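Visitor: fold the following and give me the result.
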Amino acid sequence: LLKARRGWPRDAMHPHNLPLTLTGAGILWFGWFGFNAGSALQANGLAAQAFVSTHLASCGGLLGWIAVERWRNGRATTLGGASGAIAGLVAITPANGYVSTIPALLIGAAAGVASVYAINLKFRFGYDDSLDVVGVHYVGGVVGIVSLGLFASHGVNDSITHQGLLYGGGLTLLGIQLLSVLVTTLFSFCGTYAVGWTISRFTPLRVTPEQEVEGLDTALHAETAYDIGSTRAFGRAGA
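Guide: Model (predicted):
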């Protein structure tokens, strides 16, 4: 519906400020503790397990991502570390409260590895995904959803009907999780497309090419985050 940004994928479009990117990842990491552990709705052992699992999965995602980067490119990056941490957080969310500590770490690591490869899908299939939502959030989420069918344990949460495959629960829960991936994928894609298409009948979904080149801060808000000219002038005056 939106089509790709001007210049994509010809032009490299890196984050404009890596320290702010890492700051945002840290805020997400911190907030995710409340998101997952708070879902227990009480301060008990299950909430504590969810808290620890959230942290370990994020660590696993970070390590999995940078390990692949180091193996493929000879160096690991801080941007990759932040992306891997988010992939781990995404993956543990559907499984949190049902898996123990070591599986949480493995789920996060698997999500980090899977996501670092999945971000290349946008170049293969030609869709512009500036935040790597498909590569990190979708693929990481699928890893977590499917992993629940492998690692769910009565030892963590005795309210579940079926344990995971690796805990003697058979294929029942794994099959349910695979079906849920299919259903939620179709629902999310079709629902979002329908909403976007409906809105596009009444108003444009993107700015004009001229506004895109000028920059949305300037074109829509008459301001900019960085006054580069003043910075350069100050540098010359200071020199």
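Visitor: now the spatially closest residue to residue 210 that is not a sequence neighbour. Its backbone dihedrals?
Guide: The spatial neighbour of residue 210 that comes closest, neighbours along the chain excluded (C-beta to C-beta, 6 or more residues apart in numbering), is residue 219 at 7.9 Å. Where you see a C-beta, it was placed from the backbone N, CA and C, and this is true even at glycine. Taking degrees, to the nearest 10, you get phi -70, psi -40 for the backbone angles of residue 219.
Visitor: mind listing what the residue nearest the centre of the chain touches?
Guide: When the chain is reduced to its mean C-alpha position, the closest residue under C-alpha atoms, centre = their mean turns out to be residue 137, at 3.5 Å. Neighbour list for residue 137: 86, 90 [criterion: C-beta atoms under 8 Å, 6 or more residues apart in numbering].
Visitor: and if you look at residue 92?
Guide: By C-beta under 8 Å, 6+ apart, the contact set of residue 92 is 36, 53-54, 57-58, 99, 104, 107-108, 144.
Visitor: and with 7 Å instead?
Guide: Taking C-beta atoms under 7 Å, 6 or more residues apart in numbering, we find residue 92 in contact with 53-54, 57, 104, 107-108, 144.
Visitor: so the residue nearest to the centre of the chain: helix, strand or coil?
Guide: helix (DSSP: H, G, I helix; E, B strand; the rest coil).
Visitor: quick one: it from residue 61, how far?
Guide: Distance, residue 137 to residue 61, using C-beta to C-beta, to the nearest Å: 12 Å.
Visitor: please apply the same query to residue 115.
Guide: Plainly put, residue 115 is 8 Å away from residue 61 if you go by C-beta to C-beta.
Visitor: so which of those two has more stuff around it?
Guide: residue 61 (35 against 30; other C-beta atoms under 10 Å).
Visitor: hey, what's in contact with both of residue 115 and residue 61?
Guide: The overlap between the contact sets of residue 115 and residue 61 (C-beta under 7 Å, 6+ apart) consists of residue 87.
Visitor: and stretch 37-53, which residues are buried?
Guide: Buried positions in stretch 37-53, judged by neighbour count with 16 or more other C-beta atoms under 10 Å: 37, 40, 46-47, 49-53.
Visitor: low pLDDT regions in this structure?
Guide: Low-confidence segments of the chain (pLDDT under 70): 228-239.
Visitor: please enumerate the helices of it.
Guide: Defined through DSSP state H, the helices belonging to the chain, from first to last, are 18-37, 45-73, 78-95, 101-118, 121-125, 139-151, 172-200, 209-214, 216-221, 228-238.
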